[in-house]
Every structure is written in C-alpha cells, then in structure tokens.
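1. no sequence on this one, just coordinates:
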C-alpha cells in the first residue's frame, strides 16, 4: 500500500538521519521520545514506523529489546546499516504482524508500542483505525501505546485518534503537548498520547456453600485472591 509519506518529498535514509545528527551536534536533545518511553519501564518495545531506527536504537542502548517496522525500504536499509543486531521488518502498518519467534500461530507481544515521527498523519488516508488496531494487538495486558503527531485543523485529530484507540480496546491514560511532558492545551499543535491495554476483569469467584461453617461449629472465612499472570510473548 502507498502511504502519504511516499508522496511527501521528505528526506530519506541517510539524508533524514543527517538532520538529527546536526541537531545533536548543536546540543539539542534528539532522544526525547526514547526518554519518554523509558518512563514506563518497558522491557520489550515495538517501534511502529521506525524509519532509520533513531528511537529503536536508543531504546536498545538503554537496555530494551526492540523490534522496528516500517514500509519505506530506504529508511529501513539505513536502520539495518546502523544496527544489524535489531530485528527490522518491512511491512504496512495497516496489516503488519510481528510473528512470535517460536510459536508460528502467534504474534509477538510487547510492553510498549511507540509510534512517533508523525507516522499517524503519513499513513494512507482511511487506514488510521487499522493502524491503531494492529499496534494495539501487539500489546500485552497492561502495555502502553505511546503516539505522537502534529495536529492540523482539518486533519486526523485528537478526538478521532482517541476513538480509534477505544475501538481497539485501549484506555486513554494521558496526553501531553510534547515529548517533554508539557501540559496538554486545547490549542497545542502537537500531541503525545498514552493509551493502555487494560488487564482483563478477574473471573467471578463461586459463592461458598451456605451452612458449611455452622455444621463444623466454627466460623468460616473465605479469602479470594486475584492473580494477574505475567505476560510472555517480526513480517517483511
């Protein structure tokens, strides 16, 4: 599928990377997204729309296990050159599946999915909800989808994105106007969203049989514990 990104005329590959290298040399922090993601202490992170791997590689440096997915071949080629040890997958975000490494009929799950770099406003028009659903499907219970993109009056916006996340089973947790966690304002031109996949509701516990305590002549005390199991869980 062709995305809006493919017609954008934006720099690709090494040319794209050079912009951030210049910013870094000038003393700017070019890893705000990675720092934001690390605030949620993930072990496994999927970078959806990873481009040349700037965020994924920084998260790898900070101790995360990362996977990157992007449709642009030239961007991925640069990512592979920089970090061949990372799993990079070329796929459309509206239909991608990151396969489980040992279970062929399962897709891999992550503690966090990050979608930065205005990816959501560059996907093919009309596929935004599909992209959100695919990203959400790769989250463990309790995992977070972290997304940032520019806002335009007539473009894909806050209300529709929140609605697409809700339809994908996610709960809105926070919204900021920058990766530095500046407070959200209604006139903000940029939004960073945090949505979480909730844990499933615990199964109802059976009622104790009536009279059991009276028959034994002792008071009966029933304790109910809820055990949230640990989660365990790339296409070209």
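-> On my side now, so go ahead. Since the structure is predicted, the reported quantities are computational estimates derived from the model, not experimental observations.
2. What's the first helix or strand after the longest helix seen in the chain?
-> In the chain, taking DSSP state H as the definition, the longest helix is helix 13-25. Counting by DSSP states H and E, the next helix or strand C-terminal to helix 13-25 is helix 32-38.
3. Quick one: residues in contact with the very next helix or strand once past that following helix.
-> For helix 32-38, the following helix or strand on the C-terminal side (DSSP H and E) is strand 44-48. With contact meaning Cβ atoms under 8 Å, 6 or more residues apart in numbering, strand 44-48 is reached by 37, 53, 55-56, 59, 64-69, 93, 96, 98, 108-116, 119, 131, 134-135, 138. No exception for glycine: its C-beta is placed from N, CA and C like everyone else's.
4. Neighbouring strands - and their directions - for strand 44-48?
-> strand 65-70 (parallel), strand 110-115 (parallel) (DSSP bridges).
5. Now the longest strand belonging to the chain: buried residues?
-> Ranked by number of residues, the top strand in the chain under DSSP state E is strand 139-150. Using 16 or more other Cβ atoms under 10 Å as the test for burial, strand 139-150 gives 139, 140, 143, 144, 145, 146, 147, 148, 149.
6. I'd like the average pLDDT over stretch 167-182.
-> Stretch 167-182 shows a mean pLDDT of 98.
7. What of stretch 195-205?
-> Across stretch 195-205, pLDDT averages out at 90.
8. what does that stretch contact?
-> Against stretch 195-205 from outside (Cβ under 8 Å, 6+ apart): 136, 139-145, 147, 162, 165, 169-173, 224, 226, 228.
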